[in-house]
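[1] Provided below for reference: sequence and predicted model.
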Amino acid sequence: MNKIRSFIKTSLLGGFAVILPITVSILIFKWFFNIVIQLIHPLTKLIVVRAYLQVIVANAIVIGIILSACFFIGVILKTKIGQFIHENIDRRLSKIIPGYGIIQSTITQLFNREKPPFSSVALVRAFGNDTLMTALVTDEHADGSYTVFVPCGPNPTTGYIFHLQRQYVHSVPVSVEEAIRSVISCGAGSKPLLEAFRSGKTKQA
């Protein structure tokens with residue numbers, strides 16, 4: 001009887017382990033897709049009315065137009081004239097729209113980097129003792145120190161920012177996805193991080 005119960009339990013858990021990530025991924029994609037569709041709805045409606053096209057075709061055309069516009073704007077911004085126009089527009093929008101300057105500078109800082117933030121995982125000694133924290137390296141400074149983000153479980157979008165000296169930041173050969181999974185599961189799945197640290201595979205970031 002116990003074997004049957006164990007078999008049923010492990011089978012159900014195994015099924016959930018496969019189906020749940022797929023379901024969550026589909027829901028997130030659907031949520032994001034619906035947001036995009038709502039944003040481009042006015043243009044889509046215009047194309048449907050004028051060109052008598054199906055909605056899905058009109059959506060594809062609008063998305064293609066937006067991506068093409070982003071590409072050509074990026075090409076123009078590489079020129080001196082484009083940079084001059086961009087700077088003037090930014091200055092004017094900063095005066096008109098509250099908070100625009102902060103948003104613009106934040107986005108620019110994230111994209112205009114040789115190494116993107118949140119691209120490497122580290123175990124850090126935030127308090128200088130034996131306590132280890134799972135962290136994502138967000139910035140490296142000229143003096144050799146680092147800025148790291150320590151996410152909180154089970155919600156990795158919240159956490160703490162620490163500015164640490166090099167000797168307290170130990171880079172581990174673990175993917176960001178794997179580290180985030182361990183945070184979401186409140187520490188379950190942290191074995192690869194700790195094994196890398198204990199086996200000496202870590203290096204000061």
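    Great, that's in hand.
[2] now do the helix or strand harbouring Ile19: distance to the chain's middle.
    Taking DSSP states H and E as the definition, one finds Ile19 inside helix 2-51. Its chain's average C-alpha position is 19 Å from that of helix 2-51, according to CA atoms, centre = their mean, to the nearest Å.
[3] can you check stretch 153-167 too?
    Counting by CA atoms, centre = their mean, stretch 153-167 comes out at 15 Å from the chain centroid.
[4] and it, what's buried?
    Buried residues in stretch 153-167, defined by neighbour count with 16 or more other CB atoms under 10 Å: Gly153, Pro156, Gly159, Phe162, Leu164. In this view, the C-beta of every residue, glycine as well, is placed from N, C-alpha and C.
[5] quick one, longest strand in the chain?
    Determined from DSSP state E, the single longest strand within the chain is strand 133-140.
[6] who's in contact with it?
    Strand 133-140 has contacts (CB atoms under 8 Å, 6 or more residues apart in numbering) with 115, 117-126, 146-151, 161-162, 169, 171, 176, 179, 182-183, 190, 193, 205.
[7] among these, which lie within strands?
    Taking DSSP E as the definition of strands, the contacts of strand 133-140 contribute 120-124, 146-151, 161-162, 169, 171.
[8] tell me which two in these are the farthest apart.
    Farthest apart among the ones in strands among the contacts of strand 133-140 by CB to CB are Ile161 and Ser171. That separation is 17.8 Å.
[9] need the residue closest to the centroid of this structure.
    With distances taken as CA atoms, centre = their mean, Phe118 lies nearest the centre of the chain, 7.5 Å away.
[10] how about the contacts made by it?
    Applying CB under 8 Å, 6+ apart to Phe118 gives the contacts Leu136, Val137, Thr138, Phe149, Val176.
[11] mind redoing it with 10 Å?
    Leu110, Leu136, Val137, Thr138, Val148, Phe149, Pro151, Val176, Ala179, Ile180 (CB atoms under 10 Å, 6 or more residues apart in numbering).
[12] same list (these) but as JSON lines, adding distance to Phe197.
    Formatted as JSON lines, the contacts of Phe118 follow (distance: CB to CB, whole Å):
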{"residue": "Leu110", "distance to Phe197": "29"}
{"residue": "Leu136", "distance to Phe197": "16"}
{"residue": "Val137", "distance to Phe197": "15"}
{"residue": "Thr138", "distance to Phe197": "20"}
{"residue": "Val148", "distance to Phe197": "15"}
{"residue": "Phe149", "distance to Phe197": "19"}
{"residue": "Pro151", "distance to Phe197": "18"}
{"residue": "Val176", "distance to Phe197": "17"}
{"residue": "Ala179", "distance to Phe197": "13"}
{"residue": "Ile180", "distance to Phe197": "18"}
